[in-house]
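Asker: Predicted model and sequence follow; I will ask about them next.
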Amino acid sequence: MPDFIDVEFICPDNTVCLDLCYLSATHNLTLYLILLFIIILILSAFIFYVDKLLHMKKKY
């Protein structure tokens, strides 16, 4: 489990701070998902390229 789940310990009895912590947590999660998506795209493009090269070599 990530650290930002334990929000009560970071921001005790302060709703504004709690909201800020939650916002930063969701923002980090969104950034993480975007990075993950980009990495998957790059990997799939690389695999497709290698596969194409292998097929080209088989033809000759």
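Answerer: That came in fine, so what should we check first? Residues are numbered from 1 along each chain as shown.
Asker: Now for K52, how many residues are close by?
Answerer: Residue crowding around K52 was assessed by other C-beta atoms under 10 Å; the count is 10. C-beta coordinates here come from the backbone N, C-alpha and C atoms, glycine included.
Asker: Can you pull out the low-pLDDT segments for this structure?
Answerer: Low-confidence regions of the chain, defined here as pLDDT under 70, cover residues 1-25, 59-60.
Asker: Output the longest helix belonging to it.
Answerer: When the chain is scanned for its longest helix (criterion: DSSP state H), the result is helix 15-59.
Asker: Just list what that one packs against, helices and strands only.
Answerer: Helices and strands in packing contact with helix 15-59 are listed as helix 7-10; criterion 3 or more C-beta pairs under 8 Å, 6 or more residues apart in numbering; DSSP states H and E.
Asker: how close does T30 sit to K58?
Answerer: 42 Å (C-beta to C-beta, to the nearest Å).
Asker: Settle it for me: which of these two has more neighbours?
Answerer: When neighbours are counted by other C-beta under 10 Å, T30 and K58 differ, and T30 comes out ahead with 10 against 7.
Asker: Kindly provide the distance from the more buried one to I42.
Answerer: 19 Å.
Asker: cool, I34 as well?
Answerer: 13 Å.
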